[in-house]
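here is the input, now give the coordinates:
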Amino acid sequence: MPMPYPMMIIAVAGALASALTAGVFFAFSVFVMRALASMPPAQGILAMQRINITVIHPLFLGVFLGAAPLLTVAAYRAWNSPLSYAWLLSAFLVYLLGSVFVTLAFNVPRNNRLAKLEADSPQAAEYWLVYLREWLLWNHVRCVASAVAAVLAIVAV
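Have a look, this model is predicted:
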């Protein structure tokens with residue numbers, strides 16, 4: 001049975017939001033963090049501190065935080081279509097846990113700790129190496145999770 005048009009639109013919107021989020025995380029994993037790591041620590045730290053302020057933007061937050069409710073609504077509306085429901089529920093769970101939860105539990109605390117440091121202090125330089133390694137690891141996780149969620153939602157359609 002084909003997916004009803006309104007449900008398809010919501011599922012595609014959730015997939016698109018997940019894919020856009022994956023793209024942002026992909027950019028950080030592939031080149032942004034590498035560029036910052038190649039700079040003198042104080043410059044890289046200052047740039048990342050500014051990025052962490054600038055990212056609090058309605059467009060990014062709308063896409064990042066909007067993906068989960070879109071996937072939830074799409075899964076709910078697919079309740080009578082067991083296969084679509086399963087794909088969409090999986091997309092929601094992967095996105096919620098792998099992207100939103102990982103961001104809040106692992107990336108944001110590191111960002112907050114970095115924000116409290118003076119960029120040119122010895123403590124900041126020492127933490128910068130730890131930050132780069134740990135933050136990037138969790139960014140890879142949320143990048144993959146966001147991309148997988150997008151694929152799962154597309155398969156549902």
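
alpha carbons only for contacts and neighbour counts from here, please
OK.

where do the helices sit along this protein?
Taking DSSP state H to define them, one finds helices in the chain at 5-27, 33-37, 41-54, 58-77, 82-95, 102, 108-115, 122-156.

buried sites along the third one?
Spelled out, that is helix 41-54. Neighbour counts over helix 41-54 (16 or more other C-alpha atoms under 10 Å) mark 41-42, 44-46, 48-49 as buried.

reformat those into TSV and put pLDDT next to each item.
Formatted as TSV, the buried residues of helix 41-54 follow (pLDDT from 0 to 100):
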residue	pLDDT
41	98
42	98
44	98
45	98
46	98
48	98
49	98
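
rewinding a little: deepest-packed of the helices of the chain, please.
Ranked by average neighbour count under the criterion mean count of other C-alpha atoms under 10 Å, the helices of the chain are headed by helix 82-95 at a mean of 23.

report the angle between that one and helix 58-77.
150 degrees (axes from the mean of the first three to the mean of the last three C-alpha atoms, to 10 degrees).

any low-confidence regions in the chain?
For the chain, the stretches with pLDDT under 70 are 1-2.

swap in 90 and give it another go.
Scanning the chain for pLDDT under 90 picks out 1-7, 79-80.

ok now stretch 4-17, how far from the chain's centre?
Chain-centre distance of stretch 4-17: 19 Å, with C-alpha atoms, centre = their mean, to the nearest Å.

kindly report the same for stretch 131-149.
8 Å.

export it to CSV, keeping only CA atoms.
Extracted in CSV, the C-alpha atoms of stretch 131-149 (Å, rounded to 0.1, in the frame of the first residue of the first chain):
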residue,chain,number,x,y,z
TYR,A,131,38.8,18.4,23.1
LEU,A,132,39.8,17.8,19.5
ARG,A,133,40.1,14.0,20.0
GLU,A,134,37.0,13.5,22.1
TRP,A,135,34.7,16.0,20.4
LEU,A,136,35.6,14.7,17.0
LEU,A,137,34.9,11.1,18.0
TRP,A,138,31.4,12.0,19.1
ASN,A,139,30.9,14.1,16.1
HIS,A,140,31.6,11.1,13.9
VAL,A,141,29.0,9.2,15.8
ARG,A,142,26.3,11.8,15.3
CYS,A,143,27.3,12.3,11.7
VAL,A,144,26.8,8.6,10.9
ALA,A,145,23.6,8.4,13.0
SER,A,146,22.1,11.4,11.2
ALA,A,147,22.9,10.0,7.8
VAL,A,148,21.6,6.5,8.8
ALA,A,149,18.3,8.1,10.0
